[in-house]
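[1] based on what follows, work out the 3D shape:
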Amino acid sequence: MNMTVNAKKMQVSQAFTDYAQKRLTKLDKFFDSDADAKIMLSEQKGRIVLELTVRYNQMLYRAEQTAADKTVALDAAVDKIIRQIRKNKTRLEKRLKTGAFKQEFEDNVEETDISVVRYKTFDVRPMTTEEAILQMNMLGHNFFMFKNAEDGKINVVYQRADEGYAVLQPKD
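    Below is the predicted model of the structure:
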């Protein structure tokens, strides 16, 4: 697994990089060697925020964890990704490495059916990101889909856990 470690406003030691490489070997049973892992570290309010993103075969797995220590945050993030994979194992079996799921996972995880309970249609009009955020807040939602006035593409704005906003944009 290819690994990249980035940090904002802090230094990352070689010991942590080695530890991260060792911890990410837990994911090797699910992915081939061509999987890419990216670890982003930052410090907010005296706590470490670690974002772990794993890309494999056009699939994206992401976990964010906050802790007092970066190794604790990394351990929790790796465990979160493993839980995501286990939860969605039946859908992912077709895309992940052959033999990634063994008997040990089948006993511990309940399978849930995915059912769409509602389809909703609405008019999408061109607006700026700021207008979309305002509309989302007025509706009391935590996400909002809109047509970007700048490029005419469908975007989604959502509120992050850290009280900030983010925009999802299609890639050309």
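[2] biggest helix in this protein by residues?
    helix 70-87 (DSSP state H).
[3] list the buried residues for stretch 125-144?
    Buried residues in stretch 125-144, counting neighbours by 16 or more other CB atoms under 10 Å, are found at 127, 129, 132-133, 136, 144. Backbone N, C-alpha and C define where each C-beta goes, glycine included.
[4] where does this structure have its least confident helix or strand?
    One helix or strand of the chain scores below all others by mean pLDDT, DSSP states H and E: helix 103-108, with a mean of 48.
[5] name the helices or strands packed onto the helix or strand just after it?
    Sequence order places strand 126-127 as the next helix or strand after helix 103-108, per DSSP states H and E. Using 3 or more CB pairs under 8 Å, 6 or more residues apart in numbering; DSSP states H and E as the contact test, the elements touching strand 126-127 are strand 143-148.
[6] so which residue is dead centre in this protein?
    Arg62 (2.3 Å; CA atoms, centre = their mean).
[7] that's a helix at Asn6, yeah?
    No - read with DSSP: H, G, I helix; E, B strand; the rest coil, Asn6 is strand and lies in no helix.
[8] in the chain, where is pLDDT below threshold?
    32, 89-112 (pLDDT under 70).
[9] if we use 90, what do you get?
    Residues of the chain that meet the criterion pLDDT under 90 lie in 1-2, 9-11, 25-35, 44-46, 54-62, 81-125, 131-142, 160-164, 171-172.
[10] got the domain ranges for it?
    2-108, 126-168 (automatic domain parsing).
[11] distance to Ile114 for these - can I get that in TSV?
    TSV is the format used below for these (distance: least, CB to CB, whole Å):
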stretch	distance to Ile114
domain 2-108	8
domain 126-168	19
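[12] mind listing what's buried in the longest helix of the chain?
    Buried-residue list, helix 70-87, by 16+ other CB under 10 Å: 70, 73-78, 80-82, 85-86.
[13] and the helix or strand that contains the residue nearest to the centre of the chain, which strands flank it?
    Using DSSP H and E, Arg62 sits in strand 59-67. Sheet neighbours of strand 59-67, with direction, are listed as strand 47-56 (antiparallel) (DSSP bridges).
[14] quick one, the partner strand and helix 70-87 angle?
    Here strand 47-56 runs at an angle of 40 degrees relative to helix 70-87 (axes from the mean of the first three to the mean of the last three CA atoms, to 10 degrees).
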